[in-house]
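A.B. asks: I'll drop the sequence and a predicted model, then ask my questions.
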Amino acid sequence: MTTPEWPGTSSNVTQWLRASLHPDDSEFTIHGLDDVRISVALTGSDLEHLTIDASRAKLRFRLSEGTPAPERTASSPAVVSRSSGFAHTIRVLADPVRVERIPITLDLQLHNAPIEWQTYAAPEVSTRPESRYALRIADEREGMNGSLVASVKESDLAPLLVACLRPALNEAGIRLRRLSVSVVQDGADGVRIEGKTRIRWKVLGASLTGMTRLVVTPDGVLTVRALQIGSKNPLVDLALRAARKAIAAEVGRSHDLNEHLGAEGSHHRLHSVRIAVDERITLTARLS
């Protein structure tokens, strides 16, 4: 697929990207990835542009059953070659992409980014030859900037969750009968999420209700302000009592989105982060 001289050509990087989009077969598969368009313009080690456009693609998720996990190396293989470059524009676009028939819009852009092409001594995953190669964003030059806009209709959130969760729950022997979710703005920097669901496990049927209030600061810190879960089924509600101490411990806990995005210790951070809710749930952020 790739040549020993990485990155090589624009075609070489395109092939590597397309192979890298596929998840491990042992976890799940995504149907429809062949409809995702990839465009790369490479000059030496510099990316003039790299675009992954999933607009109008129809993606379907399926859990993998009985497929052994691919063998991973005990530790990351040694890097045997590095090549520094510069990315003028990296963009991931979906206007929209349909995930389980639900339209989702996404526009992620990164500009003026120092990059490094890395070649390992061996693939990180034995069954995936493309994992011998990597493209990393370096953190050694000022001027990198980017933006993120992602949105979904508020009324589409529940069917999207049902479509994505039902296969995993079925695998565990739990039948998800129905789910309703409402998301409303809760102050200038927060959202309130309420949900109701009905499940069946073997002969036991139960309804569950839940509520959480989340606050996101402009610098990307998410705080759980409230979290509740309960059931009208006395047996299920009794079982939930054992979990309520752990649930209560989440209230007031903060999570820095920069850490989860791998930006911990980086000079570049998310800012101007905002979640807005009207007919759509929209997340916007900037990176600098």
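C.D. replies: Ah, there it is. Residues are numbered from 1 along each chain as shown.
A.B. asks: in this structure, which spans are helices?
C.D. replies: 10-21, 157-171, 234-250, 257-260 (DSSP state H).
A.B. asks: could these go into TSV alongside mean pLDDT, mean neighbour count and distance to His271?
C.D. replies: In short, each C-beta sits where N, CA and C put it, glycine included. Shown next, in TSV, are the helices of the chain (pLDDT from 0 to 100; neighbours: other Cβ atoms under 10 Å; distance: least, Cβ to Cβ, whole Å):
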stretch	mean pLDDT	mean neighbour count	distance to His271
helix 10-21	95	17	28
helix 157-171	85	15	26
helix 234-250	80	11	25
helix 257-260	78	15	10
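A.B. asks: Specify the stretch among these that is closest to Phe61.
C.D. replies: Evaluated over these, closeness to Phe61 peaks at helix 157-171, with 6.2 Å, by Cβ to Cβ.
A.B. asks: Of the helices of the chain, which is nearest Arg286?
C.D. replies: Among the helices of the chain, helix 257-260 sits nearest to Arg286 (Cβ to Cβ), with 12.5 Å.
A.B. asks: Now do the contacts for Lys153.
C.D. replies: Residues in contact with Lys153 (Cβ atoms under 8 Å, 6 or more residues apart in numbering) are Pro103, Glu279, Arg280, Ile281.
A.B. asks: try 6 Å
C.D. replies: Arg280 (Cβ atoms under 6 Å, 6 or more residues apart in numbering).
A.B. asks: okay, the helices of the chain in TSV with distance to Val40 next?
C.D. replies: Shown next, in TSV, are these (distance: least, Cβ to Cβ, whole Å):
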stretch	distance to Val40
helix 10-21	5
helix 157-171	30
helix 234-250	42
helix 257-260	28
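A.B. asks: Mind checking those for the one nearest to Gly85?
C.D. replies: Across the helices of the chain, closest to Gly85 is helix 10-21 (Cβ to Cβ), at 11.0 Å.
A.B. asks: tell me which strands and helices the closest one is in contact with?
C.D. replies: strand 37-43 (3 or more Cβ pairs under 6 Å, 6 or more residues apart in numbering; DSSP states H and E).
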